[in-house]
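[1] with the sequence up front, the predicted model follows.
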Amino acid sequence: MRQIRIIANRELTAYFATPMAFVFIAIFVALTGAFTFFIGRFFDRNQASLETFFQFLPWLYLLLVPAVAMRLWAEERKSGTIEQLLTLPLTTAQAVIGKFLAAWVFCGIALVSTFPMWLTVNLLGQPDNAVILIGYVGAFLMAGAFLSIGTCMSALTRNQIIAFIAGAVVCFLFTLSGLDMVLGVFRGWAPPALVDAIAAMSFLTRFEALSRGVIELRDLIFFFSLMAFWLFVTTLAVDAKKAG
Amino acid sequence: MGVFGGNAAGVASMSVMVEVDGLSKSFGDFRAVDGISLAVRKGEVLGFLGPNGAGKTTTMRMIAGYLSPTSGTARVCGADVVEDPIGVKRSIGYMPEGSPSYDDMTVAGFLEFIAAIRGVSGTVAQDRVAAVIERLALGDVLRRPIDVLSKGYKRRVGLAQALLHDPPVLILDEPTDGLDPNQKHQVRTLIAEMAAEKAIIISTHILEEVQAVCTRAVVIGQGRLLADGTAVELMKRLPEYNAVSIVLPTAAAQAAANVLRQLPNVAAVFETPLDENRTRLRLTPRNGAVLLEDINKAVRFNAIPATEVFRDGGNLDDAFRLITTGSAVQTHSAHAA
């Protein structure tokens, strides 16, 4: 636990060592605002809720979260610091989890930075703040799921751009799999169990429930087990390179 | 554990800090390291010598727990790197080739991070960090990010990181590579100062370094251990190890060569003109015999007008070439052939 905390601390400091972190958060906040207010027609809807904000979040994540994750391992590999890191007295799993937690906290900070949105709805009306809170929890969990995939892609390459693209593509598949458009392709021929399984893997379906304020244990289990799975694969990927 | 170990065998085995046992590593079909075994005791500075790509770095990486061996193992202070990698990593200070460190961190931040993860905390951590900062003269750059530092400073940060927890075993991959002569001297002095208390392994392809700091050297070529001994022992492998050269006027050279060739311990005489009036005769020994005294006597007895008589027994470069390629290109006698 101690080793994980030290690694996470270092990684988080590394995020903020350059102005990129602030640029990233600014872009994130600006884009969520733009999506919510203009594309989501927040004012025309005349509802005191953050539904539109949460609606666009997965699509924004697709672009931004793999960008947060891409440097985690690819950069270590490229600069050779991975050799320094892995000869320190800690396990690969501790390093993987520590780095992931730092990225997750960073995403949490970005999410918290969208608080003007919450202020706006509270000034204009009386939203159900419990629903909004659950929505944010869901948004945070989904960020973790996206990140765990991005971390794994980052561990597979020394090139951050490749890590970004691979991360975005895999996240895209996990997001899309809940859309009718995709499920329709399978519905014609695949057994219903498979269609359900594909739909069950979707971030979108899970997140939608949470963003409407419905908190269900199975959705929480889904996000946590997904993170555990991808982090496990990340550990294997980092160790595989050790084995040569 | 050493409390009851009073017998001689116990003491001897305890002083072995690093034990490498049949260590091998394959990358696909390529056998990078092929069954290397060696031991390093406390107080020893072992030099890994070898051409580039010989397997030095791969061997060090396996001992330090960065690469997993394909077969064989290494034990460091009693911990087995395959079974207890964390235990091994605790006992080692390791500086990877090129000493990569987190460029975005300041020197102080980086050292504090290493101290924390090495479990050095509180006032001990402050003392240790202060000690390595002083020892490696990093005081001026503490608050600077590592990526703006010169190569010499970066290397010192890499060394500081390896020394921070005062490990019993140090593994330094090319610690002086890319440094200027003054910096090289500093690093070698540092290694020599620490040698008595630790077991140290350094890799290098600079042979003078072996003579300067190493108590012993192993020569690695194509993944195999080709030789293991002190610098002198390695040089003794050269057929011309005890060779002697004399310098004399060219006019007398021919006659002198004919006389000296008759000496029972002289295998061959090589003539090299030095300038218009002087010639050097290099006499190689038969079966490694010690020649200097015989030659001195012969010079006096035959009144050979020699201006210089000196031992000219090849150098570590020649020994290195002999061991790694099987044939020493004899730089000294090249003209005579």
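    Thanks, I have the structure now. Numbers count the residues shown, from 1 in each chain, chains lettered A, B, ... in the order given.
[2] from now on I want contacts and neighbour counts done on CA atoms only, so please keep to that.
    Noted.
[3] contacting residues for residue B:55?
    B:32-33, B:220-224 (CA atoms under 8 Å, 6 or more residues apart in numbering or on different chains).
[4] list phi and psi for it.
    Per-residue torsions, residue B:55: phi 110, psi 10 (degrees, to the nearest 10).
[5] low pLDDT regions in the chain?
    Picking chain A for this. A:46, A:244 (pLDDT under 70).
[6] correction: the question concerned chain B.
    For chain B, the stretches with pLDDT under 70 are B:1-14, B:326-337.
[7] at 80 what do you get?
    Low-confidence segments of chain B, defined by pLDDT under 80: B:1-14, B:178, B:205-207, B:231-232, B:235-241, B:287-289, B:312-322, B:324-337.
[8] quick one: the helices in it?
    B:8-15, B:56-63, B:85-91, B:107-117, B:122-135, B:151-163, B:181-194, B:207-213, B:231-235, B:250-261, B:292-301, B:316-325 (DSSP state H).
[9] next, the contact list for the residue nearest to the spatial centre of chain A, please.
    Nearest residue to the geometric centre of chain A (CA atoms, centre = their mean): residue A:143, 2.2 Å. With contacts defined as CA under 8 Å, 6+ apart, residue A:143 is in contact with A:61, A:65, A:104, A:107.
[10] got the contact list for the most centrally placed residue in chain B?
    By CA atoms, centre = their mean, chain B has its centre lying nearest to residue B:47, at 2.7 Å. For residue B:47, the contact set (CA under 8 Å, 6+ apart) comprises B:201-204, B:210, B:214-218.
[11] I'd like the residues you listed as TSV, with distance to chain A and neighbour count appended.
    Shown next, in TSV, are the contacts of residue B:47 (distance: CA to the nearest CA, whole Å; neighbours: other CA atoms under 10 Å in any protein chain shown):
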residue	distance to chain A	neighbour count
B:201	16	23
B:202	16	26
B:203	16	25
B:204	19	22
B:210	25	24
B:214	24	23
B:215	26	18
B:216	25	21
B:217	24	25
B:218	23	22
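[12] picking up where we left off before, now, which of the contacts of residue B:55 sits nearest chain A?
    The closest of the contacts of residue B:55 to chain A turns out to be residue B:32 (CA to the nearest CA; 10.8 Å).
[13] wait, the closest one sits on residue B:26?
    Yes - using CA atoms under 8 Å, residue B:32 is in contact with residue B:26, at 5.6 Å.
[14] can you mark which positions in the strand or helix carrying residue A:183 are buried?
    Element membership for residue A:183 (DSSP states H and E) is helix A:180-187. Under the neighbour-count criterion of 16 or more other CA atoms under 10 Å in any protein chain shown, helix A:180-187 has residue A:183 buried.
[15] with stretch A:23-43 instead?
    A:25, A:28-29, A:32-33, A:35-37, A:40, A:42.
[16] out of those, who's nearest residue A:96?
    Using CA to CA, residue A:25 is the member of those that lies nearest residue A:96, at 23.5 Å.
[17] how close does the nearest residue to that closest one once chain neighbours are set aside sit to chain B?
    Counting by CA to CA, 6 or more residues apart in numbering or on different chains, residue A:25 lies nearest to residue A:110, which is 5.3 Å off, once chain neighbours are set aside. To chain B, residue A:110 is 21 Å away according to CA to the nearest CA, to the nearest Å.
[18] same check, this time on residue A:139
    Distance from residue A:139 to chain B, by CA to the nearest CA: 30 Å.
[19] is that residue located within a strand, as I assumed?
    No - with DSSP: H, G, I helix; E, B strand; the rest coil as the criterion, residue A:139 is helix rather than part of a strand.
[20] tell me where chain A has helices.
    Using DSSP H, the helices of chain A run over residues A:2-16, A:20-34, A:42-45, A:51-69, A:71-79, A:81-86, A:92-112, A:115-124, A:129-155, A:160-176, A:180-187, A:192-200, A:203-211, A:217-243.
[21] from the ones you listed, which stretch is densest packed?
    Highest mean neighbour count of the helices of chain A: helix A:129-155, a mean of 24 (counted as mean count of other CA atoms under 10 Å in any protein chain shown).
[22] check the offset of it from the chain's centre.
    Relative to the chain's own centre, helix A:129-155 is displaced by 4 Å; criterion: CA atoms, centre = their mean, to the nearest Å.
[23] thanks a lot, catch you later.
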